[in-house]
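Asker: Using only what follows, build the 3D model:
(2 chains)
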Amino acid sequence: MELIQPFQYEFFLHGVIVAILVGAINGILGIYIILRGMSYIGHALSHSIFGGVMVSYLINLNLYIGATIWGIASSIIMNEISKRNNIKLDAIINIISSAGFAIGVFLLSIRKSFIINFEALLFGNILGIRDVDLFMIIIISIISFIFFFFFNKAMLFTIFDKESAKIYGIRTDIVEFIFSIIIAIVVIASIYVIGVTLLAAAITAPAVSARLLTKSLSKMIFFSIIIGVSTSFVGMYVSFIFNSSSGATIVLLDVLIFALILLSSFLYKTYNKY
Amino acid sequence: MSNFLSLKNITYGYSHTPVITDVNLEVKKGEMIGLLGRNGSGKTTLLKIIAGLIKPWSGSIEFYDKPLSNNNKPTIGYMPQVEKIDWDFPITVEEVVAFGIWKDSIFPWFKKDIIGKVHLILREFNLYNYSKSHINELSGGEQQKVFLARALITHPDLLLLDEPTSRADYNSREEILEILKSFNKEMTTIILTTHDIKGVAEKLPKIICLNKQIIAEGDPKHILTLNNLIELYG
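Answerer: I've put the predicted structure just below:
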């Protein structure tokens, strides 16, 4: 097979464009998520949104609209229950995300016709990307990049020193609310490429690898984007060649990069010690 | 002369238990005041109420004899308790200080003119050589000076400092007090909390002894008496 053969297929090109966009936004998003110490949120929201996707199918609602509403509602419910009942947020997140996933599985089990889409949603499938998905993912990417551009300082100040950020005029509640919407829509954009079950690693692994490489935030964001984009691109290509799940392939590459950086960092520190 | 700030019958608590009760306080423009008390005495809570971070259960705050509001409030420079800071956060000294004037630009990065202002104050604080350093590369006292620089970069009307010398050694503590005195001479009103009687409280022009209520206020030479200290620390 020629190396460029996959690029002759439109579906593959769609898949690659989506993977690169998703890799880039996940690369940036992952940095804010690990700095906030909420790596579990990608895992939780993607599982929760699975229920929203299934409900949207069932009532013939546009998947993106349905899943976005579901994702935002899940975030709000998680925060509100935690605030009002003095229960730790991680416990609430576990319950809400499992409930969302359970609703999805329940609906799936009574409507077997979902089977093909179900696998694509769980593990990612480049064959599943339609023109409408490509369009929506481009829109979501643009919205996310605009958010990260204009809210970067407010987000960082909020994460670093929330108390002072409020005094210096940042509406931290609004910033955090918009951020949770961004997480929800990025999760939705990533579902077809990465899949619900593997998304958390695709969001956090590039960011954690980048954090091992540098202490500078701007370089960290740069490295995270580069890792996210390259593993998504190579992952899509490899998944085409081996007919493997795109999500699993991308995540395995992310983990491989992380392991290599971790090993080099360990060797570098050991070498410098002696 | 009208008061710069007036706190009237302020009461606040956590989980239905009052932490401060009926606090009345008048602050003149250009005063430098230390809130002295043990852990849980309400110092930080009172500072946060003045900063507008929490709303009191009851009572009111006035700025120049009018209720504090969005249109009637002092500009504030704030320094949190640095013990709460994540020192591994990927941020340089100049970026921490630049957050004090983050509103001056809509771009996601700090523009050259902002960094220029940051460098000016870092020079004043003898921290310029650390501009590009990561914050955890500095000593405890230097880290507190970085946060003080952030609080002062806008030359605010009111400076609120929560334990500004808690990580500082003797030299850094003296340096921080000198910086505060020089800004105070320019009529910046300063309210700070402290545990440190000998190192800080005794060197301030006015202190307030707080143990859920105000026990005493005035010149530390007159109010740091044995009776007051027993009431303060038990």
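
Asker: check contacts around whatever residue of the stretch 151-274 of chain A ends up closest to chain B.
Answerer: At 3.5 Å from chain B, residue A:152 is the closest residue in the stretch 151-274 of chain A, using Cβ to the nearest Cβ. Heads up, the C-betas are built off the backbone N, CA and C, glycines and all. Residues near residue A:152 by Cβ atoms under 8 Å, 6 or more residues apart in numbering or on different chains: B:108, B:109.

Asker: Repeat the analysis, applying 7 Å as the threshold.
Answerer: residue B:108 (Cβ atoms under 7 Å, 6 or more residues apart in numbering or on different chains).

Asker: Also residue A:189?
Answerer: When contacts are counted by Cβ under 7 Å, 6+ apart, residue A:189 touches A:22, A:137, A:140, A:141.

Asker: Just the residues you listed: which are in helices?
Answerer: Among the contacts of residue A:189, the members found in helices (DSSP state H) are A:22, A:137, A:140, A:141.

Asker: Can you add distance to chain B and give those back as a markdown table?
Answerer: Shown next, in a markdown table, are the ones in helices among the contacts of residue A:189 (distance: Cβ to the nearest Cβ, whole Å):
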| residue | distance to chain B |
| --- | --- |
| A:22 | 21 |
| A:137 | 23 |
| A:140 | 19 |
| A:141 | 16 |
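
Asker: now, among those residues, which is nearest to residue B:152?
Answerer: Of all the ones in helices among the contacts of residue A:189, residue B:152 sits closest to residue A:141, with 40.6 Å by Cβ to Cβ.

Asker: Let me know the pLDDT of that closest one.
Answerer: Confidence at residue A:141, expressed as pLDDT, is 92.

Asker: Which stretches in chain A count as helices?
Answerer: Taking DSSP H as the criterion, chain A carries its helices at A:10-35, A:40-58, A:63-85, A:89-110, A:115-123, A:131-160, A:162-167, A:172-194, A:199-213, A:217-242, A:246-273.

Asker: Which elements pack onto the shortest one?
Answerer: Spelled out, it's helix A:162-167. helix A:172-194, strand B:76-79 (3 or more Cβ pairs under 7 Å, 6 or more residues apart in numbering or on different chains; DSSP states H and E).

Asker: quick one: buried residues of the longest one?
Answerer: Read that as helix A:172-194. A:172, A:175-176, A:179-194 (16 or more other Cβ atoms under 10 Å in any protein chain shown).

Asker: pLDDT value on residue A:110, please?
Answerer: 83.

Asker: Please list all residues in contact with it.
Answerer: Here residue A:110 is in contact with no residues (criterion: Cβ under 7 Å, 6+ apart).

Asker: next one: residue B:97
Answerer: Residue B:97 touches B:118, B:121, B:122, B:146, B:149, B:150, B:153, counting by Cβ under 7 Å, 6+ apart.

Asker: Confirm for me that the last one is in contact with residue B:121.
Answerer: To tie it back to what came earlier, the one meant is residue B:153. Yes - the pair residue B:153 / residue B:121 is scored as a contact, 5.2 Å apart, by Cβ atoms under 7 Å.

Asker: circling back: buried ones among the contacts of residue A:189?
Answerer: Applying 16+ other Cβ under 10 Å to the contacts of residue A:189 flags A:22, A:137, A:140, A:141 as buried.

Asker: which other residues reach stretch B:52-61?
Answerer: With Cβ under 7 Å, 6+ apart, stretch B:52-61 has contacts from A:163, A:166-167, B:5, B:7-13, B:48-50, B:67-68.

Asker: before we move on, the earlier item: can you say which two of the buried ones among the contacts of residue A:189 are spatially most distant?
Answerer: A:22 and A:140 (9.1 Å).

Asker: Just the pLDDT for the residue nearest to residue A:62 when sequence neighbours are not counted.
Answerer: Leaving out its chain neighbours, the residue that sits closest to residue A:62 by Cβ to Cβ, 6 or more residues apart in numbering or on different chains is residue A:56, at 6.9 Å. Looking at residue A:56, its pLDDT stands at 87.

Asker: now residue B:71
Answerer: pLDDT, residue B:71: 87.

Asker: What count of nearby residues applies to it?
Answerer: By the criterion of other Cβ atoms under 10 Å in any protein chain shown, residue B:71 has 6 neighbours.

Asker: need the residues of chain B near chain A, please.
Answerer: B:51, B:53, B:76, B:78, B:80, B:85, B:89-91, B:99-100, B:102-103, B:106, B:108, B:134 (Cβ under 7 Å from any Cβ of the partner chain).

Asker: For chain B, see how far away the residue nearest to residue A:62 is.
Answerer: Using Cβ to the nearest Cβ, to the nearest Å, residue A:56 is found at 34 Å from chain B.

Asker: residues near residue 171, how many?
Answerer: As the question left the chain open, I've gone with chain A. For residue A:171, using other Cβ under 10 Å, the count is 13.

Asker: try again with chain B
Answerer: If we define neighbours as other Cβ under 10 Å, then residue B:171 has 10 of them.

Asker: what does residue B:183 give?
Answerer: Residue B:183 has 20 nearby residues by other Cβ under 10 Å.

Asker: Now do the SS call for it.
Answerer: Classification of residue B:183 using DSSP: H, G, I helix; E, B strand; the rest coil returns helix.

Asker: list the contacts for the closest residue to it other than its chain neighbours?
Answerer: Spatial nearest neighbour of residue B:183, chain neighbours left out: residue B:152 (6.2 Å); criterion: Cβ to Cβ, 6+ apart. Residues near residue B:152 by Cβ under 7 Å, 6+ apart: B:77, B:121, B:159, B:183.

Asker: my guess is the third one meets residue B:188, correct?
Answerer: To tie it back to what came earlier, the one meant is residue B:159. Yes - between residue B:159 and residue B:188 there is a contact under Cβ under 7 Å: 5.6 Å.

Asker: If you count surrounding residues, which of these two has more?
Answerer: Comparing residue B:159 with residue B:188 by other Cβ under 10 Å, the one with more neighbours is residue B:159, at 25 against 20.

Asker: how far away is the more buried one from chain A?
Answerer: Taking Cβ to the nearest Cβ as the criterion, residue B:159 is separated from chain A by 12 Å.

Asker: Quick check: phi and psi at that residue.
Answerer: phi -110, psi 120 (degrees, to the nearest 10).

Asker: Would you mind measuring from it to residue B:101?
Answerer: As judged by Cβ to Cβ, to the nearest Å, residue B:159 and residue B:101 stand 15 Å apart.

Asker: now do residue A:162
Answerer: Residue A:162 is 18 Å from residue B:101, by Cβ to Cβ.

Asker: ditto for residue A:58
Answerer: Taking Cβ to Cβ, one finds residue A:58 at 52 Å from residue B:101.

Asker: Those two: who's more crowded?
Answerer: Counted by other Cβ under 10 Å, residue A:58 and residue B:101 do not tie: residue B:101 has more neighbours, with 18 against 14.

Asker: Sketch out the low-pLDDT regions of the chain for me.
Answerer: Looking at chain A here, since you left the chain open. Residues of chain A meeting the criterion pLDDT under 70: A:1, A:82-83, A:85, A:112-117, A:126-128.

Asker: My question was about chain B, not that one.
Answerer: For chain B, the ranges with pLDDT under 70 are B:1, B:104.

Asker: Skip the chain neighbours and tell me the closest residue to the residue in chain B positioned nearest to chain A.
Answerer: Proximity of chain B to chain A (Cβ to the nearest Cβ) peaks at residue B:108, 3.5 Å away. Residue nearest to residue B:108 in three dimensions, not counting chain neighbours: residue A:152, with 3.5 Å by Cβ to Cβ, 6+ apart.
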